[in-house]
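Undergrad: What follows is a predicted structure for the sequence shown.
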Amino acid sequence: MISKSGQPSNKPLCSTACDLSLSRGPAMAMRVDFADYEAEGHQHQHPQGQLILALHGAVTCTAESGVWIVPPDCGLWVPGGVPHSNRVTSNARLTYLFVEPGAAMLPAECCTLSVSPMLREMIHRLADLPERDRRDAHVDRLMRVMLDELALMPRERLELPVSDHPKIALIAAALLSDPSDRRTLGQWAEHVAVSERSLKRLMVQETGLSFGRWRRQLHLVIALRELAGGATVQKVAGDLGYETTTAFIVMFRKALGTTPSRYFADRLLSAARA
């Protein structure tokens, strides 16, 4: 990432936002200017929970035993103390919300949340407040309602489960590097020197998904990231190894209930109203 001065920035994505000691409240929000940050942050953690809210572009977060995608109008919840790293598309615009431990009934594990327009507006209101105004009675009430609303947000199915088992990790690394690789389960079994039956059982044991479902989820996560970054549906379909664009759209619709163009049109329209 290039800074405003035209020089590469060495500042990690979350280097200045992980301490709420100056906020003196249950939550703190801030907008992030990616001209000042690296596109890929180093692994880090903080005592506060963090909601990463995408307004434009997308974020891919690696944490615990999964990879999460945060497309527009969604948020990724990362509980406090969980090591994680973030990779953003070049057109990403984000807002961070940090929540003190115990301030709200929020999930104990990472997850992608759908964020309502009302909740998004409250988070942005908090982020835009001058420091001197962040501890009056009105802001206290805003924070309480905001955190109550956050606890009610539904989860989205935008996680790719991963494993540190050497054989599964090898396959995952290869497919994340080249998602167009169409080797069958049997061919992968031969590649990692295990029987097809054993690999089939191991995949379900380690990820909770069959190999076919896991690969489709990988394609979905990558597709959302690339489409949010501005790639065309045709390019994404080709990069993922689909023989036709229609086949890719069918996969996308089965997973998310709508076409890629409609999915992003709805979310970008909502974000534009923010």
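TA: The structure has been received and is ready for your questions.

Undergrad: In the stretch 51-200 of the chain, what residue spans correspond to helices?
TA: 117-128, 137-152, 166-177, 185-191, 196-207 (DSSP state H, counting those that start in this stretch).

Undergrad: Which one of those lies nearest to residue 220?
TA: Residue 220 sits nearest to helix 166-177 of all the helices of the stretch 51-200 of the chain, at 12.8 Å, using Cβ to Cβ. Every residue, glycine included, has its C-beta placed from N, CA and C.

Undergrad: next one: that closest one to chain centre, how far?
TA: Per Cα atoms, centre = their mean, to the nearest Å, the displacement of helix 166-177 from the mean C-alpha position of its chain is 20 Å.

Undergrad: still on that earlier bit, out of the helices of the stretch 51-200 of the chain, nearest to residue 230?
TA: Per Cβ to Cβ, nearest to residue 230 of the helices of the stretch 51-200 of the chain: helix 166-177, 20.3 Å.

Undergrad: Check which helices and strands that closest one is in contact with.
TA: helix 196-207, helix 211-228 (3 or more Cβ pairs under 8 Å, 6 or more residues apart in numbering; DSSP states H and E).

Undergrad: that older thread, would you format the helices of the stretch 51-200 of the chain as a markdown table with mean neighbour count and mean pLDDT included?
TA: Converted to a markdown table, those look like this (neighbours: other Cβ atoms under 10 Å; pLDDT from 0 to 100):
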| stretch | mean neighbour count | mean pLDDT |
| --- | --- | --- |
| helix 117-128 | 17 | 93 |
| helix 137-152 | 15 | 92 |
| helix 166-177 | 16 | 93 |
| helix 185-191 | 16 | 97 |
| helix 196-207 | 16 | 96 |
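
Undergrad: Centroid-wise, who is the farthest residue in this protein?
TA: Taking Cα atoms, centre = their mean as the measure, the residue most remote from the mean C-alpha position of the chain is residue 195, 33.9 Å away.

Undergrad: Strands along the protein, start to end?
TA: 27-32, 49-56, 59-63, 66-70, 74-78, 84-88, 93-99, 111-114, 155-156, 159-161 (DSSP state E).

Undergrad: Just put the ones you listed in JSON lines and tack on distance to residue 229, mean neighbour count and mean pLDDT.
TA: JSON lines is the format used below for those (distance: least, Cβ to Cβ, whole Å; neighbours: other Cβ atoms under 10 Å; pLDDT from 0 to 100):
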{"stretch": "strand 27-32", "distance to residue 229": "16", "mean neighbour count": "20", "mean pLDDT": "90"}
{"stretch": "strand 49-56", "distance to residue 229": "10", "mean neighbour count": "24", "mean pLDDT": "88"}
{"stretch": "strand 59-63", "distance to residue 229": "10", "mean neighbour count": "21", "mean pLDDT": "85"}
{"stretch": "strand 66-70", "distance to residue 229": "11", "mean neighbour count": "24", "mean pLDDT": "86"}
{"stretch": "strand 74-78", "distance to residue 229": "15", "mean neighbour count": "25", "mean pLDDT": "91"}
{"stretch": "strand 84-88", "distance to residue 229": "9", "mean neighbour count": "22", "mean pLDDT": "86"}
{"stretch": "strand 93-99", "distance to residue 229": "12", "mean neighbour count": "22", "mean pLDDT": "91"}
{"stretch": "strand 111-114", "distance to residue 229": "17", "mean neighbour count": "20", "mean pLDDT": "90"}
{"stretch": "strand 155-156", "distance to residue 229": "18", "mean neighbour count": "16", "mean pLDDT": "87"}
{"stretch": "strand 159-161", "distance to residue 229": "17", "mean neighbour count": "21", "mean pLDDT": "91"}
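
Undergrad: Okay then, goodbye and thanks.
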